[in-house]
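Trainee: Need the 3D shape of this:
(chains A, B and C)
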Amino acid sequence: MSGPASVRFEDVTKRFGEVVAVDSISFEVEPGNLVTLLGPSGCGKTTTLRMIAGLELASAGRIVIGGRDVTALPVTARDVAMVFQSYALFPHMTVAENVAYGLTVSRVPKAEVRARAERALELVGLAGYGARLPSELSGGQQQRVAVARAVVLEPDVLLFDEPLSNLDAKLRRRVREEIRELQQKLGITTVYVTHDQEEALAVSDRIIVMNQAVIAQEGTPRQLYEEPASRFVADFIGDANLVEARIRAVENGHAQVEAGGLGLQLPARGSAAGPALLAIRPRSIRLHPEPREHAVRVRVDKATYLGGHMEYEVEAPLGPLFVVDLAVDRPLPAGSDAWMTLAPRGVTLVPA
Amino acid sequence: MLNRPLAAWLAAGWAAALLLPWYMLDDGLFSFVWLTEGYAGDRDYAPALFQVLWHERYWLAPLGLFLALPLLAVGRPDNGRGTGMLLVAAGAGGLFWLLLQGFGIDHRGVSLALLEPLVPEGGRQYGMGWGASLVALAFLFFITQGLAAHGLARGDVFVAGSIGLVVALVAAFIFFPVLTILSSALRDNQGALAPFLFLDKLFDGRIWGTACLTGGGRCGSAWNSLILAVLTGLSTTLLGLAFALVVTRTGFRAKRMLRTLTVLPIITPPFVIGLAIILLFGRSGAVTQFVADLLGLDAGRWVYGLPGILFAQTLAFTPIAFLVLIGVVEGVSPSMEEAAQTLRADAWTTFTTVSLPLMRPGLANAFLLGFIESLADFGNPLVLGGSYDVLATDIFFAIVGAQYDQGRAAVLAIVLLSFTLMAFWAQQRWLGRRSYATVSGKGDSGLPLQLPPALRRLCYVVVIPWAALTAVIYLMILFGGFVEFWGRDHTLTLRHYIHAFSVVEGEHGLVWSGAAWNSFWTTLQIAAISAVPTAALGLLTAWLLVRQSFGFKRAFEFGTMLSFAIPGTIIGVSYILAFNVPPLELTGTGIILVISFVFRNMPVGVRAGIATMSQLDRSLDEASLTLRANSFTTVRKVILPLLRPAILAALVYSFVRAMTAISAVVFLVSANYEMATTYILGRVENGDYGLAIAYCSVLILVMLAAIGLMQWVVGHRRLGRRAPSVASAAEQTS
Amino acid sequence: MKNTLRLGAAAIAILVAGPAFAAGKMTLYCSPQEEWCQLMVTEFEKETGIKVAMTRKSSGETFAQIKAEASNPKGDVWWGGTGDPHLQAAEEGLTEAYTSEHLDELHDWAQRQHAAADKKSVGIYAGALGFGYNEELLKKHGLPEPRCWSDLIKPEFRGEVQMANPNSSGTAYTMLATMVQLMGEDEAFDYLKALHQNINQYTKSGSAPIKAAAQGETTVGIVFQHDAVTMRVTGAPIKVVSPCEGTGYEIGSMSIIKGARNLEEAKKFYDFALRPDIQTMAAQAKAYQVPSNKQATPPPEAPDFDEIKLIDYDFKKYGSSDERQRLLKKWDEEVAAQPR
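Mentor: Alright, predicted model coming up:
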């Protein structure tokens, strides 16, 4: 192992016949980072991952891993390991044989193979399961075998293809924490494909959002959440109420925004005066039972009690809004009127 | 820098050109007289370099240029596209020149005007030997390496090389001979072009007549063949499925016996089943006589014609369907069946809506094999055909019969091939683009579904009588070898066995004095030698077809099926036409027998491989690849162990077919390589049934032993699934 | 892995055993039954020391092979098998002209074959056409003993006669040509049409009808008489009949293949095969044809040619491909296509 490596895409395109699956994308993954490729199905994220692995060859562009141009290199010649959505455990081999497979075919001495495989199983909490067949394990355990099988090779880059999609919700949360912990402990550069934005926000150093074969936005989870670069990203990452607004003036990078009777001052993010799009996170809307200053009147259409919080659908001058309110003790009944203000965070102008 | 495989092939190419005898040796491939008798100084034994320098074979010189080209790649990045172009140019140029001079200059001298300046007076050459073959291979791999650098097969050198190798082999040993003989359809007996004669022969009433529909007269052999093939395809597929279901999905007690019994017919040399059927169901047959006496009817000749052939073919080809289907039936994922059951489907609905559709690839392949086998079968129609003419027998007798009309044989072969093509196309349509992957990378802990009771009873009703019938026929065959004259004089005797297989104590130890030993050993050896490459090539091809994508895949797949679809007679004659002259001069050797078996039987490996492999999730391969295993290792460690049923099917089938093949072999056997079947055929022709049957019985026993051995060597596939018998026991106790 | 090695070893073992260079060698394509071929080879090797590589194939198969190999012949002598394919080979220039010193010792018919083939072939034995019937079946069905061709078209023999298809069998073609020469073409076809009503099956192979008769599958089989004798000798209840109207015959022939690599040895074998002492040995191999050398002794079981009314068979005319194609086409259209 040469230490964590970077992954760089330079104008990479992948075509399948007429169909362009990935359209001239460029990005770089810093060594040791976990970067998530996030997007709806069919956006090209899995193809991108498979191009890193070498399971697909790029139609155009350059792929560089750890400073080495691997564009034309076949899978085997790249120092990557992958955890498959279906786990792809070899059904005719035991757990230990599965984990040892990569080492064995790389001609690592037998004793070392055994030691490293055991260590890898221990790492994922499956010490002692080596003699079982994959079919004798639970889904979560199989998943961990797949991870152990990949990390035991100490690859330059570790790839995950929707690794949690076959697990139940509770297990998913636990396993994703485990993956994140393991990745940070080992410091392996990791690329992770998912369509679940919560999962992406939870595990990533950086996220690359893809849509229709191109990169929609790239950044840290916080950047994506707080400063979505487009309507698509704002909508896809966390729920957002997208409303029409008007920028009255821009001064020193700050825009005077007017939306449905509310006046706001927001970072302009390159927008000029004129019509604009405003993204409002559900938690950034405050509802008050009594009228107050700078508040606009709304009507509660629907109220749902969810234990830890309330969810409301309200009709406001800005249009229909979805609201998450932590004030469980003071529910607003459906049909009542309320007054709404906006929190300073969680409201942002979306560049056109 | 050159990568390792390329460097190795470059070295091999140079070594072959500098060190190995260029031409085919008269004394066989493994003779080493060339080392002691002249070597480079001898016109026949010299390597290419010395052929050019000392023996005036200047036309070989350009090959050196093409061998030298790849050296320019030294010092360049090994995955650069420029290097790729260079390699393709070197390989393609070299191969082109090799073929040009090979076909342009033969044992009679130069025939291509273009080459005349290079050939001195009286210059000629013989078939390709070690040197030429290795150089040709080296050129081939230059091309595939070059194309891999351009992204063919995702840059995988092993995959690209495999595609190249299979394509080259199929081209050389299937397309080349088959086209050679099919082109004779357009020529008259003197060899002149005669397109109208071709049309005349093609629309002949003997092929397409429909008189049998309108009453009286006969139908053309094309219709007869087609009807027979469809019926045989259906009956073998259904019977094979019934057997496979009984063996895998029920608690039937005598499974092992059933398995053996289903295998018996394929290991039976031709003619024997036909003879046994005549002795049972013929006009004077035991069963016919019994029924006739019982009902007071005149014993008829009902067995001759369509019923008899269909019966014999079903008996003979059901095992192939069984071998293909058993892997598929085993492979159907229990979880999917359980899923269906949790969706409120009862056992019967689950079977018809989930299990059966998931077996589609197996069913389609089994039908295709039965259909093609029936079309190409000539032994059974010969014995039981009556006046029911089929294409395969017509082809045989167009060549060896009183007509001496090779052109007509080629025309008939074209008709037959077009049927195959149709069946192939229909199969592709039926399977469509659906996915049949059921062995996925996730462990499957479900229990295989027991058959619904109605279906189980149906299977038993079909399987048990059929098995009993098979058993009776085989007991009769065994019995036939121990009596004076089968069917007439049933005095017990060992005469036939002694004549064929006696071993006496001679002066220098044991003497194998029996008349059959010679052909027996030859057959055993040739069959054993051909089994492994047949299975290997078949499965490799299947893997390429299922897992890799390249442009001409469909054509490629059909090409591999071609030699199987063509009757052996045509293959036999086409091999003589193609391989009796340089550059590939193989007639009279054991190699031509091995090659003909490999390429004739390879399709079974391909079909079995495809059926089983389409059940394996592709991510298993990909996982292995990302774990640093190269494609070769992936195939060896992941694919092959999961393909065990297919491997076994391919091995067994190719071994057995090589032991029992007759029609192609008739033309390819030579004095030193006589095969058991031709010997048996000679006995049958002479009316010497006792000896023929005794010999067959011995062959059957030997093959059974060999199959047992193979089963043991290949072992069982480990899918980590629970056995259905456990399930049934659990059901009963709960 | 071990298995691969073992198989590899076996492969080498058998491929090493390629043909060896002896002082003299030749390749024989042999068309009669195995025993006779073996006998000839053994005797010839014993006498001359020339090593013979022999392959046995039927005459049709051998013809097809010689034709396919024409551009690079592998065989030297083609010994035995019915005369027509030998004549066809001569016509297509696949065989070599040769006149043996023994030619004068031969029967007329054998010499006529030599002449008909432009010296490229010679007769080595003859077999008369006829039929055989199963005595037990005949008795069981209460049928009269057939003695003549005309008996076979009687209505009581409906479904009881079997013959080969002349398209596939030289034997059946000889029968077709015999009828044409015996009765004249029109009457011959009338006869064949009538016979068609009694035929239960046209077999593919020429000797199949008599085997079927031996097995009790048919009562009468139209074949060469020596084939019927062979069945009788094995113990089958077969009676051999030489038809009263007279009959045709085949001339088992021998040719040297054009471009033979061992021409000297081939000629030696050719002379050897025509010698009376050699031809007399045929009976040892259960061959019941009539030898072509006048001084050879025919086997006692052989049909006696003096008692058979033989027609003056025109091998040249009926062996030519044009006449054959014409007759076969006519038979196909006028006889085989008829309903039964």
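
Trainee: contacts, neighbours, all on C-alpha from now
Mentor: Noted.

Trainee: And the helices in the chain, which stretches?
Mentor: Picking chain A for this. A:45-53, A:95-105, A:110-123, A:139-151, A:169-186, A:197-203, A:221-226, A:231-236 (DSSP state H).

Trainee: actually it's chain C I care about, not the one you picked
Mentor: Going by DSSP H, chain C shows helices at C:2-16, C:34-48, C:59-68, C:83-91, C:108-116, C:135-140, C:170-183, C:185-198, C:208-215, C:225-233, C:263-274, C:276-280, C:315-319, C:321-331.

Trainee: Please identify the most buried of those.
Mentor: Comparing the helices of chain C by mean neighbour count (mean count of other Cα atoms under 10 Å in any protein chain shown), helix C:208-215 ranks first with a mean of 27.

Trainee: show me the contacts for the residue nearest to the spatial centre of chain A.
Mentor: For chain A, residue A:200 is the residue whose C-alpha lies nearest the centre (Cα atoms, centre = their mean; 2.4 Å). Contact partners of residue A:200, counting by Cα atoms under 8 Å, 6 or more residues apart in numbering or on different chains, are A:36, A:38, A:194, A:207, A:221.

Trainee: for stretch B:496-511, which positions count as buried?
Mentor: B:496, B:497, B:500, B:501, B:502 (16 or more other Cα atoms under 10 Å in any protein chain shown).

Trainee: just to revisit the earlier point, and the gap between the residue nearest to the centre of chain A and residue A:345?
Mentor: 21 Å (Cα to Cα, to the nearest Å).

Trainee: how about the strands in chain B?
Mentor: B:105-106, B:109-110, B:483-485, B:489-492, B:504-506, B:509-511 (DSSP state E).

Trainee: show me the contacts for the closest residue to chain C within the stretch 601-734 of chain B.
Mentor: Nearest to chain C in the stretch 601-734 of chain B, going by Cα to the nearest Cα, is residue B:671, at a distance of 4.8 Å. Residue B:671 is in contact with B:588, C:27, C:53, C:54, C:55, counting by Cα under 8 Å, 6+ apart.

Trainee: Go again with 10 Å.
Mentor: B:588, B:589, C:19, C:27, C:28, C:29, C:52, C:53, C:54, C:55, C:56 (Cα atoms under 10 Å, 6 or more residues apart in numbering or on different chains).

Trainee: So what pairs up with the fifth one in the strands?
Mentor: Judged by DSSP bridges, the bridge partners of residue C:28 are residue C:54, residue C:77.

Trainee: what's the spacing between it and residue C:79?
Mentor: Distance from residue C:28 to residue C:79, by Cα to Cα: 7 Å.

Trainee: Would you mind grabbing the residues shared as contacts by the two?
Mentor: Common neighbours of residue C:28 and residue C:79 (Cα under 10 Å, 6+ apart) are C:37, C:56, C:256, C:269.

Trainee: so where's chain A shaky on pLDDT?
Mentor: Applying pLDDT under 70 to chain A picks out residues A:1-3, A:352.

Trainee: what does the stretch 1-150 of chain C give?
Mentor: Ranges of the stretch 1-150 of chain C meeting pLDDT under 70: C:1-23.

Trainee: tell me the phi and psi of residue A:281?
Mentor: The phi/psi pair for residue A:281 (degrees, to the nearest 10) reads phi -70, psi 140.

Trainee: pretty sure it is touching residue A:236, no?
Mentor: No. With contact defined as Cα atoms under 10 Å, residue A:281 and residue A:236 do not form a contacting pair (11.9 Å).

Trainee: Now for those two: what residues contact both?
Mentor: Common neighbours of residue A:281 and residue A:236 (Cα under 10 Å, 6+ apart) are residue A:225.

Trainee: who's more crowded, those two?
Mentor: residue A:281 (26 against 20; other Cα atoms under 10 Å in any protein chain shown).

Trainee: tally of neighbours for the residue in the stretch 201-340 of chain C positioned nearest to chain A?
Mentor: Nearest residue of the stretch 201-340 of chain C to chain A, counting by Cα to the nearest Cα: residue C:204, 52.6 Å away. Per other Cα under 10 Å, the neighbour tally for residue C:204 reads 28.

Trainee: per-residue confidence for it?
Mentor: At residue C:204, the model reports a pLDDT of 75.

Trainee: OK, contacts around the nearest residue to residue B:563 once chain neighbours are set aside?
Mentor: Nearest residue to residue B:563 in three dimensions, chain neighbours excluded: residue B:600, at 5.3 Å (Cα to Cα, 6 or more residues apart in numbering or on different chains). Shown here is residue B:600, whose contacts under the criterion Cα under 10 Å, 6+ apart are B:173-174, B:534, B:560-568, B:571, B:594, B:654, B:657-658, B:661, B:664.

Trainee: rewinding a little: kindly provide the distance from the residue of the stretch 201-340 of chain C closest to chain A to chain B.
Mentor: 6 Å (Cα to the nearest Cα, to the nearest Å).

Trainee: Can you name the residues that contact that residue?
Mentor: So residue C:204 contacts B:381-383, B:385-387, B:389, B:393-394, B:396-397, B:401, C:163-169, C:172 (Cα under 10 Å, 6+ apart).

Trainee: can you check residue A:332 too?
Mentor: A:287, A:288, A:289, A:300, A:302, A:303, A:304, A:310, A:312, A:338.

Trainee: Who wins on neighbours among the residues you listed?
Mentor: residue A:287 leads those on contacts (other Cα under 10 Å) with 25 neighbours.

Trainee: what bridges to it?
Mentor: Under the criterion used (DSSP bridges), residue A:287 bridges to residue A:340.

Trainee: That one contacts residue A:336, correct?
Mentor: No. Counting by Cα under 10 Å, residue A:336 is not a contact partner of residue A:287; they are 11.6 Å apart.

Trainee: anything in contact with each of the two?
Mentor: With Cα under 10 Å, 6+ apart, residue A:287 and residue A:336 have common neighbours A:298, A:300, A:314.

Trainee: Distance check, the residue nearest to the last one when sequence neighbours are not counted against residue A:167.
Mentor: Looking back up the chat, that one is residue A:314. Leaving aside its chain neighbours, residue A:314 sits nearest to residue A:300 (4.4 Å; criterion: Cα to Cα, 6+ apart). Applying Cα to Cα, the value for residue A:300 to residue A:167 is 37 Å.

Trainee: ditto for residue B:366
Mentor: Counting by Cα to Cα - residue B:366 and residue A:167 are separated by 38 Å.

Trainee: does the spatially closest residue to residue A:220 that is not a sequence neighbour have beta-bridge partners, and which?
Mentor: Spatial nearest neighbour of residue A:220, chain neighbours left out: residue A:206 (4.3 Å); criterion: Cα to Cα, 6+ apart. Beta-bridge pairing of residue A:206 under DSSP bridges involves residue A:35.

Trainee: Now do the same contact list for residue A:206.
Mentor: Per Cα under 10 Å, 6+ apart, neighbours of residue A:206: A:29-30, A:33-37, A:191, A:200, A:218-224.

Trainee: Could you list the single helix or strand in chain B with the lowest mean pLDDT?
Mentor: Across the helices and strands of chain B, mean pLDDT, DSSP states H and E gives its lowest value to helix B:724-733, namely a mean of 34.

Trainee: Break the chain down into its domains, please.
Mentor: I went with chain A, as the question did not name one. A:7-228, A:239-350 (automatic domain parsing).

Trainee: Hmm, no, I was thinking of chain C.
Mentor: Domain assignment for chain C by automatic domain parsing gives C:24-126+C:250-303, C:128-248+C:320-336.

Trainee: Now do the end-to-end distance for stretch B:329-349.
Mentor: Across stretch B:329-349, the terminal residues are separated by 17 Å (Cα to Cα).

Trainee: Ends of stretch A:60-77, what's the gap?
Mentor: First-to-last residue span, stretch A:60-77, Cα to Cα: 19 Å.

Trainee: From residue B:355, how far out is the residue nearest to residue B:323 when sequence neighbours are not counted?
Mentor: If the residues on either side of it in the chain are set aside, residue B:323 comes closest to residue B:649, at 5.9 Å by Cα to Cα, 6+ apart. Look at residue B:649 and residue B:355: by Cα to Cα, they are 22 Å apart.
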